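[1] all I have is the shape, not the residue letters:
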């Protein structure tokens, strides 16, 4: 079971390294790793478990955060409409992004960052994702293609950054005049255009 003492913190050299692709088919070790990442996130959202094990609440956890440089992370988060997005992602790739950018008005947080931070982190409002996920019934890696918007998209991008050795603390800005606060964009049109990263212009 992953506990807070297993999570490496800001300043640890692994957090700024690019994680290695996970070999398929999955080894027993990597299956257990994926399950343990998701278990931590789920338990951290249970008040009793938080008190019992002194966990910090979270919506995502990457393998690198327990010092395993593998392209794998878990996320377990509800969208504003109550839809649950619960995945153990393996070798994910963001293949498309919306032109529209958003941010969390209160800023982002991270289990690997113990200090308070100031500033806003820009994120694409919607992303198109491809890769694999650990299917908990068959315990095998299955191909997956997702379109995520709003809060789940922000969570995914935060964890995806970890796989590339990027901390949100390196992407903090006092203002983001070209982006919209997430709670504003949630009330706008459900129609979101995605463009391929190969043609994206910043």
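    Thanks, I have the structure now. Bear in mind that the values here come from a model prediction, so they are computed numbers and not experimental data. Residues are numbered from 1 along each chain as shown.

[2] what's the closest non-adjacent residue to residue 101?
    Counting by CB to CB, 6 or more residues apart in numbering, residue 101 lies nearest to residue 179, which is 3.9 Å off, once chain neighbours are set aside. Quick note: C-beta positions are derived from backbone N, CA and C, even for glycine.

[3] distance of residue 92 from residue 143?
    Plainly put, residue 92 is 11 Å away from residue 143 if you go by CB to CB, to the nearest Å.

[4] overlap in contacts, the two.
    Here residue 92 and residue 143 have 130, 131, 132 as joint contacts, going by CB atoms under 8 Å, 6 or more residues apart in numbering.

[5] list the contacts for the last one?
    If you count contacts by CB under 8 Å, 6+ apart, residue 132 has them with 24, 89, 90, 91, 92, 141, 142, 143, 144.

[6] among these, which one has the most neighbours?
    Per-residue neighbour counts (other CB atoms under 10 Å) across those peak at residue 89, which has 26 neighbours.

[7] for that residue, report the pLDDT, please.
    At residue 89, the predicted lDDT confidence score is 98.

[8] what's the first-to-last distance across stretch 77-92?
    Between the start and the finish of stretch 77-92 there is a gap of 17 Å, counting by CA to CA, to the nearest Å.

[9] again, but for stretch 160-177
    End-to-end span of stretch 160-177 (CA to CA): 24 Å.

[10] for that stretch, give the mean pLDDT please.
    Mean pLDDT, computed over stretch 160-177, is 97.

[11] what do you get for stretch 32-50?
    In this model, stretch 32-50 has a mean pLDDT of 98.

[12] mind listing what residue 148 touches?
    Contacts here follow CB under 8 Å, 6+ apart; on that basis residue 148 touches 85, 126, 127, 129, 156.

[13] which SS class is it?
    For residue 148, the secondary-structure state derived from DSSP: H, G, I helix; E, B strand; the rest coil is strand.

[14] could you measure from it over to residue 133?
    To residue 133, residue 148 is 13 Å away according to CB to CB.

[15] how far off centre is stretch 95-104?
    Shown here is stretch 95-104, whose average C-alpha point lies 14 Å from the average C-alpha point of the whole chain (CA atoms, centre = their mean, to the nearest Å).

[16] the longest strand anywhere in the chain pairs with which strands?
    Scanning the chain for the strand with the most residues, using DSSP state E, yields strand 84-98. Sheet partners assigned to strand 84-98 using DSSP bridges are listed as strand 72-78 (antiparallel), strand 126-135 (antiparallel), strand 194-196 (antiparallel).

[17] got a list of contacts for the helix or strand that that strand is followed by?
    Once strand 84-98 ends, the next helix or strand along the chain (criterion: DSSP states H and E) is strand 101-103. With CB under 8 Å, 6+ apart as the test, strand 101-103 has contacts from 120-125, 150, 154, 176, 178-182, 185.
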